[in-house]
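Student: Structural data only, the sequence is not supplied:
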(Lines give C-alpha, C1' and ligand atoms only; values in the text may rest on other atoms or scores of the structure.)
Protein backbone atom coordinates (compact mmCIF):
# COMPACT_ATOMS: atom_id res chain seq x y z
CA UNK A 1 0.00 0.00 0.00
CA UNK A 2 1.46 3.33 -1.06
CA UNK A 3 0.57 6.31 1.10
CA UNK A 4 0.50 9.58 -0.85
CA UNK A 5 1.77 11.78 1.98
CA UNK A 6 2.38 14.66 -0.44
CA UNK A 7 -1.33 15.34 -0.78
CA UNK A 8 -2.54 14.43 2.72
CA UNK A 9 -2.12 16.48 5.85
CA UNK A 10 -3.07 13.79 8.38
CA UNK A 11 -2.49 10.05 8.67
CA UNK A 12 -4.34 7.44 10.65
CA UNK A 13 -2.07 5.76 13.21
CA UNK A 14 -1.90 2.56 11.13
CA UNK A 15 -0.84 4.61 8.08
CA UNK A 16 1.81 6.44 10.12
CA UNK A 17 3.06 3.09 11.43
CA UNK A 18 3.35 1.69 7.91
CA UNK A 19 5.04 4.87 6.67
CA UNK A 20 7.87 4.54 9.21
CA UNK A 21 7.99 0.76 9.35
CA UNK A 22 6.80 0.08 12.88
CA UNK A 23 3.83 -1.78 14.27
CA UNK A 24 0.46 -0.33 15.15
CA UNK A 25 1.00 -0.82 18.89
CA UNK A 26 4.35 1.02 18.74
CA UNK A 27 2.74 4.05 17.07
CA UNK A 28 0.00 4.12 19.71
CA UNK A 29 2.65 3.88 22.45
CA UNK A 30 4.58 6.81 20.92
CA UNK A 31 1.35 8.83 20.71
CA UNK A 32 0.30 7.94 24.27
CA UNK A 33 3.71 8.93 25.67
CA UNK A 34 3.51 12.29 23.87
CA UNK A 35 6.72 11.48 21.98
CA UNK A 36 4.94 11.51 18.61
CA UNK A 37 2.65 14.52 18.08
CA UNK A 38 -0.96 13.77 17.21
CA UNK A 39 -4.35 15.42 17.17
CA UNK A 40 -7.83 14.22 17.98
CA UNK A 41 -10.78 14.83 15.70
CA UNK A 42 -13.80 13.64 17.61
CA UNK A 43 -12.91 10.10 18.65
CA UNK A 44 -10.26 9.69 15.95
CA UNK A 45 -6.52 10.09 16.37
CA UNK A 46 -4.51 11.51 13.50
CA UNK A 47 -0.78 12.12 13.01
CA UNK A 48 0.06 15.28 11.06
CA UNK A 49 2.37 14.40 8.14
CA UNK A 50 4.61 17.42 8.76
CA UNK A 51 4.95 16.51 12.45
CA UNK A 52 5.85 12.93 11.52
CA UNK A 53 8.54 14.17 9.12
CA UNK A 54 9.89 16.56 11.79
CA UNK A 55 9.86 13.76 14.38
CA UNK A 56 11.96 11.58 12.06
CA UNK A 57 14.36 14.43 11.27
CA UNK A 58 14.88 15.12 14.99
CA UNK A 59 15.78 11.48 15.61
CA UNK A 60 18.19 11.42 12.69
CA UNK A 61 19.82 14.66 13.85
CA UNK A 62 20.17 13.32 17.40
CA UNK A 63 21.93 10.22 16.08
CA UNK A 64 24.33 12.34 14.06
CA UNK A 65 25.42 14.53 16.99
CA UNK A 66 28.73 13.45 18.48
CA UNK A 67 28.76 12.61 22.17
CA UNK A 68 30.14 15.46 24.18
CA UNK A 69 32.65 14.38 26.80
CA UNK A 70 32.75 16.56 29.90
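Tutor: It's in. What you see is a predicted model; the values in this text were computed from it and never measured.
Student: So in this protein, which helix runs the longest?
Tutor: For the chain, the helix with the greatest residue count under DSSP state H is helix 49-64.
Student: Pull up the pairing partners for the helix or strand containing residue 45, direction included.
Tutor: For residue 45, the host element (DSSP states H and E) is strand 44-48. Using DSSP bridges, strand 44-48 pairs in its sheet with strand 10-11 (antiparallel), strand 39-41 (antiparallel).
Student: Using CSV, lay out these together with mean neighbour count.
Tutor: For glycine as for every other residue, the C-beta is placed from the backbone atoms N, C-alpha and C. Putting the strands paired with strand 44-48 into CSV (neighbours: other CB atoms under 10 Å) gives the following:
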stretch, mean neighbour count
strand 10-11, 20
strand 39-41, 9
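Student: Turn those into JSON lines, columns for mean pLDDT and distance to residue 20.
Tutor: What follows is the strands paired with strand 44-48, written out as JSON lines (pLDDT from 0 to 100; distance: least, CB to CB, whole Å):
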{"stretch": "strand 10-11", "mean pLDDT": "96", "distance to residue 20": "10"}
{"stretch": "strand 39-41", "mean pLDDT": "97", "distance to residue 20": "18"}
